Every structure is written in C-alpha cells, then in structure tokens.
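K.L.:
requesting a structural model of the entry that follows:
(one chain, ligands or ions: 2)
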Amino acid sequence: MPLVAGVDSSTQSCKVVVRDAETGTLVREGRAPHPDGTEVDPEAWWSALQTAIEAAGGLADVAAVSVAGQQHGMVCLDDAGQVIRPALLWNDTRSADAAAELVAEAGGGRFWADAVGSVPVASFTVTKLRWLARHEPANAERVAAVCLPHDWLTWRLAGAPGLEALRTDRSDASGTGYWSPATGEYRPDLLERALGREVRVPTVLGPAESAGHLDPAAVSGAAPALLAPGAGDNAAAGFGVGAGSGDVLVSIGTSGTVFSIAETPAADASGTVAGFADVTGRFLPLVATLNAARVLDAAAGMLRVGLDELADLALSAPPGADGLVLVPYLEGERTPNRPLATGAVHGLTLRTSTPAHLARAAVEGMLCALADGLDALAAQGAQPRRVLLVGGGARSAAVRRIAAQVFGCPVVVPPPGEYVADGAARQAAWLALGTTEAPSWTPAGTREYAAEPVPAIRERYAQARDHHLDRLAQG
Ligand SMILES: Nc1ncnc2c1ncn2[C@@H]1O[C@H](COP(=O)(O)OP(=O)(O)O)[C@@H](O)[C@H]1O
Ligand SMILES: O=C(CO)[C@@H](O)[C@H](O)COP(=O)(O)O
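P.N.:
Ligands and ions are numbered 1, 2, ... in the order given. Down below sits the predicted model:
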C-alpha cells in the first residue's frame, strides 16, 4: 500500500498529512507554527516544514510528496538561488499603490482580466514586483528568479538544484498576475512591465506531472520520493474535499475565500472575482477577503474568552445582534479593495453593549463579507445552491450555524480536517499511482446545516460596511 504526503504551508502554520494512496486513510500527521507578520523569511517555512515532517513521522516510507501553500507571496532569488529579501505575503498591502498604478497604466481592469483572468490588487505577486522596483531598486536588480511559497518549498525538497529546476502548477501560477489560465501561458511582458526586466519563472506543470524527486539529503531519513506539482491552498482544499464541477466552497482561514470549480475561465473586469485555475485542469473563480478567522481570534481576545466560548456567546444573542454590526476590516481589505481601511462597530446601544452581542456581530460581520463574495461569484455564473465550508474557522459551531442564515442556503461541513494538505496528498497519490484520474477519496461524515435565511442581517451590514476610518500612518 503506497503512502503519500501532503503539505499545507499556510499563513499561520505548516501541516503535513501522510495518507494511504489508494484509500486515502490518514496514517499520521504533524504541524508546526509559522511566524506572525506579512513579511516572512522563507527559511522559517522551511524550518516549520522540517518540524512538521518530523512530527508526522518522517518521509522514509512515502512514495510521493506534494506541497500546497498560501498563494501570491513573492519569493525573489538571486543567481545563486539565495533568497534576496523576506517574502511579501498575500496579505501585505504595501503594494496597493503599485496595483493601482499597474491598472491605470493599462487603461483599467478590462485589460488585466482579459490578459490574466484577474485585476491585480495588492495581494498579487505582480504588484509586489512593481513595489520592489520602486522601493528597493538594489534588491530588484539582483532578482534572477521569482517564485511562490509552494514552488520554493518544492524546489528545496528537490535539493535546490538550480533555478531552471523551479516548478509550479496552474492554480498557483494563476495568482501571480503574469500567467493566463485561459491560454496556459506566461505573460513575460507584464512581469517586465512591473519589475523593469524579465526574470526566470517556474515551469508550469499540468495535473499529475512530476516536479522531480525529493533529495534525501534535504529531509533527514527521507526516501527519494516523487514530487508532485503542488498547488495554491484554495485549489488544494477544493481537491481535498473532492469538490466537482459547479460546487461552491467557502474557506475561513486567515483569508476568507469563496470559490467554485468551473469549466471556463473567469475574466471579471471589476476585479471582484479573480479568475484562478484549479488542480485538475479546470478553473477556480475566487473572491478573497483579508479578514476571516482572525476576526474571531480578535473578538475572543477583546472579550477574554476562548474560541468555543465565543461561539456559545454568539449563539446566545439574537440573529442580527439587535442591530450591532461589526465591519471586519481589521487588516485593511482586499474585496472590496480597501487596503487602508480599519474595522468598525456600529449600532452600539445600552442593549447591544454585551459580550454576546459583540461576539455575534463579529461572526455575522465576517460572514456578511463572504456573502457579498458569494453574490459576486453568482454574478459570474456560479450557482450556490449549497456551500461547502472548510478552513480553521469552520470548527466554530457559531460560524457553521450562522453561515446558513447569512448565506441563505444550506451549509455542508466536512468533518474537521486539513483539507489543503489532504488535497496535496491526493495529488501526490495521483502521481504515485500513475492513474488517468485521481483516486476518489471522499471525506465521510459531512454535516449539513440548514436554517431560515435572515436577510435583515445582510441589509444592516450593507448600511454599515462603507462607514469606517483609514488606518493611522503607523497603524
Ligand atoms: N474552534 C474554532 N473556532 C473558531 N476559529 C478557529 C477554531 N479553531 C481554529 N480556528 C481558527 O482557524 C484559524 C486557522 O485556520 P487555518 O485554516 O489553519 O488558517 P491558515 O490556513 O490561514 O493558516 C486560526 O485563526 C484559528 O483561530
Ligand atoms: O490570497 C489568497 C487567495 O487569493 C489566500 O487565500 C491565501 O492563499 C492565503 O490562504 P490562507 O493561509 O488563509 O489559507
């Protein structure tokens, strides 16, 4: 029975699962935390990956490995393959002006949506390259190759064999802003427009193509396992839960994402829906917010309670929290594009000044921003008859129950698990087994949450969401 390993190198942590390639049975797992911040030395991901692999019992008996990871992060390498500066992550908003500049230079969003399927905001790698060229020209001069977190980790697992060996996959390439899901080709002209010159980018592999072999010297005791192409974390999560064409997913991790598996590429000139690619050769129209699970962390911190108590408090308040609304822009926001925004609380009265009301408003505010994303996805052709809910935030009983009221459709929650790492493992199994189709591992024990929709929650949120302050310069 071959074993395979899947990795999720996400914003807050690194998770490794080892599964049976044929049945998908979980054999062992491990995890390790990542440092805080929106600028991170990739070496910290490498060290977390080593710790998580060790906690998962190592890779000695594993036939294939696949790395999925947070999307968009800019990892710049010099001629010798050394990292030039800490990576700027997807939630680093310093390139917001660069994004606006790139869009204006092209005459608007239509150009970008047609060229690469998405209109760049600060999250996209292409805007970070423009920021680098403008603010750190000496670093920009040294760049020989640019890649993404999952590409870099796969390359390190291969023993960092030279820049020409860098590999990526369609799903992550589609978040760069210089690769087109519609044509399957890079747009080196757009990369050059951002950075000022062309640099090397990873070769984009198709589904289940090999990225080479693991170098046993890179991981203590590991076998020379096959390396799979890997994926962006949202695409991997879709693959991990076995989502099929037309399914709509909401992921509540550090980011909030709303996406579906589509047969045709998206090209939304408004920039609300990003036109990404999936793991199987299909497409992944996606709306992302910067504020999801950490809104709950922040509310729990303010109320000095744990996350389970926060959920109990939220469920003890009435739907709509008697008019208390929390606008969740704690990290600025990406959709809508408000990089400088801060959060706000509206509707405070003596009645609503309770921990329960604030807890409920935090859950509802975070979910309303995602419900706006669902509307945008529906406007692009998705049909959210039900929503599959994944990510760390889906562990909250309040999120699961209130989501059905806010989204206005049933919410299906797979058993708690690491679906990004599972998606990566399933991709590794596809490669290891050499089959035409990926093995079908279906998570058993999904639960469906249905509730009467409460439109008043979203109506009140719509009145509140445009009223907020910008962050102070040092904020
Ligand atoms: N029971 C819970 N209730 C609410 N949030 C939770 C719960 N368990 C975990 N989380 C949240 O999930 C988040 C991590 O989710 P995860 O999907 O792993 O994030 P990421 O992939 O961005 O690193 C954390 O912010 C954590 O607080
Ligand atoms: O930027 C996006 C999607 O476009 C984010 O979804 C990142 O991929 C980070 O994911 P998490 O760490 O929150 O899962």
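
K.L.:
residue 310 reaches residue 396, doesn't it?
P.N.:
Yes. The pair residue 310 and residue 396 passes the contact test of CB atoms under 8 Å, sitting 7.5 Å apart. Bear in mind the C-beta positions are built from the backbone N, C-alpha and C, glycine included.

K.L.:
shared neighbours, the two?
P.N.:
Counting by CB atoms under 8 Å, 6 or more residues apart in numbering, the contacts common to residue 310 and residue 396 are residue 296.

K.L.:
what about these two, which has more around it?
P.N.:
A count of neighbours by other CB atoms under 10 Å puts residue 310 above the other of residue 310 and residue 396, at 28 against 22.

K.L.:
in what helix or strand does the residue nearest to the more buried one when sequence neighbours are not counted lie?
P.N.:
In this structure, residue 310 finds its nearest non-sequential neighbour in residue 300, 4.4 Å apart by CB to CB, 6 or more residues apart in numbering. Assigned by DSSP states H and E, residue 300 belongs to helix 293-303.

K.L.:
so how far is ligand 2 from the closest residue to residue 384 other than its chain neighbours?
P.N.:
Sequence neighbours aside, residue 248 is the residue nearest to residue 384 in space, at 4.3 Å (criterion: CB to CB, 6+ apart). Remark: distance between residue 248 and ligand 2 (CB to the nearest ligand atom, to the nearest Å) = 16 Å.

K.L.:
ok, the residue lying closest to residue 370 once chain neighbours are set aside - contacts?
P.N.:
Of all residues not flanking residue 370 in the chain, residue 256 sits nearest, at 5.0 Å (CB to CB, 6+ apart). By CB under 8 Å, 6+ apart, residue 256 lies in contact with 250, 288, 289, 290, 291, 292, 366, 369, 370, 373, 393.

K.L.:
could I get these as TSV with pLDDT and secondary structure?
P.N.:
What follows is the contacts of residue 256, written out as TSV (pLDDT from 0 to 100; DSSP: H, G, I helix; E, B strand; the rest coil):
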residue	pLDDT	secondary structure
250	98	strand
288	97	strand
289	97	strand
290	96	coil
291	98	coil
292	98	coil
366	98	helix
369	98	helix
370	98	helix
373	98	helix
393	97	helix
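
K.L.:
neighbour count and distance to residue 320 added to those, as CSV?
P.N.:
Shown next, in CSV, are these (neighbours: other CB atoms under 10 Å; distance: CB to CB, whole Å):
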residue, neighbour count, distance to residue 320
250, 28, 20
288, 28, 26
289, 23, 21
290, 28, 24
291, 25, 20
292, 27, 21
366, 27, 15
369, 26, 16
370, 27, 17
373, 22, 20
393, 28, 20
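
K.L.:
pLDDT on the helix holding residue 300, on average?
P.N.:
Model confidence over helix 293-303, given as mean pLDDT, is 98.

K.L.:
now find how far off-centre the helix or strand that it is followed by is within its chain.
P.N.:
Next along the chain after helix 293-303, taking DSSP H and E as the criterion, comes helix 307-316. Counting by CA atoms, centre = their mean, to the nearest Å, helix 307-316 is centred 26 Å from the centre of its parent chain.

K.L.:
which elements pack onto helix 307-316?
P.N.:
helix 293-303, helix 355-379, helix 397-407 (3 or more CB pairs under 8 Å, 6 or more residues apart in numbering; DSSP states H and E).

K.L.:
if we can go back for a sec, out of the contacts of residue 256, what pair is the most spread apart?
P.N.:
250 and 290 (15.1 Å; CB to CB).

K.L.:
can you give me the helices in the stretch 101-250 of the chain?
P.N.:
Taking DSSP state H, counting those that start in this stretch, the helices of the stretch 101-250 of the chain run over residues 109-116, 125-135, 137-142, 149-157, 170-173, 188-195, 233-240.

K.L.:
in a markdown table: these, plus mean pLDDT, mean neighbour count and distance to residue 211.
P.N.:
Formatted as a markdown table, the helices of the stretch 101-250 of the chain follow (pLDDT from 0 to 100; neighbours: other CB atoms under 10 Å; distance: least, CB to CB, whole Å):
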| stretch | mean pLDDT | mean neighbour count | distance to residue 211 |
| --- | --- | --- | --- |
| helix 109-116 | 98 | 20 | 23 |
| helix 125-135 | 98 | 24 | 19 |
| helix 137-142 | 98 | 14 | 25 |
| helix 149-157 | 98 | 28 | 5 |
| helix 170-173 | 98 | 30 | 12 |
| helix 188-195 | 98 | 19 | 21 |
| helix 233-240 | 98 | 32 | 15 |
